[in-house]
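Colleague: Turn this into a model:
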Amino acid sequence: MTKKIKLKISSRLVKKKMRRTTNVQKTCRFCTDAEYKQGLDYKNATFLRSFLTERGKILHSRISGNCAKHQRCLAHSIKKARMVALVPFAAQYN
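Modeller: Below is the predicted model of the structure:
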């Protein structure tokens, strides 16, 4: 009969397992609040910039927490604002 050897789990692996278990469900801010629905317009450039990265890319719905319907509306209004030159296409290089 062979004995099973118990291995010690490193603290790095314990932290990694803990990160997986803490899963917080994000809610769409456009579905919950009526104020944000009015702000979802291509003319509101300051509001739309909160959904862009520093490089000018649109944030994913996983990160922003938007539902699929409002993520599509948001992307459409950002693209419209880019065409009118309210929001930049990309970051400026120095």
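Colleague: Not counting the longest helix along the chain itself, show me its contacts.
Modeller: If you go by DSSP state H, the chain has its longest helix at helix 68-83. Residues outside helix 68-83 that contact it (C-beta atoms under 8 Å, 6 or more residues apart in numbering) are 28, 30-31, 40-43, 45, 48, 51-52, 58, 61, 64, 66, 87-89. Backbone N, C-alpha and C define where each C-beta goes, glycine included.
Colleague: Of these, which count as buried by neighbour count?
Modeller: Among those, those buried by neighbour count (16 or more other C-beta atoms under 10 Å) are 28, 30, 40, 42, 45, 48, 51-52, 58, 61, 64, 66, 87.
Colleague: among these, which are in helices?
Modeller: 30, 45, 48, 61, 64.
Colleague: So of these, which two are at opposite extremes in space?
Modeller: Largest separation among those by C-beta to C-beta: 45 and 61, giving 20.7 Å.
Colleague: give me the number of residues near residue 56?
Modeller: Look at residue 56: counted by other C-beta atoms under 10 Å, it has 15 neighbours.
Colleague: ok so, going back, now the longest helix of the chain: mean pLDDT?
Modeller: Confidence for helix 68-83, expressed as mean pLDDT, is 95.
Colleague: repeat for stretch 16-28
Modeller: Computed over stretch 16-28, the average pLDDT equals 70.
Colleague: Residue 11: which of the ones in helices among the buried ones among the contacts of helix 68-83 is nearest?
Modeller: residue 64 (32.4 Å).
Colleague: what pLDDT does the spatially most central residue of the chain get?
Modeller: What sits nearest the mean C-alpha location of the chain, by C-alpha atoms, centre = their mean, is residue 63, with 1.9 Å. For residue 63, the model assigns a pLDDT of 89.
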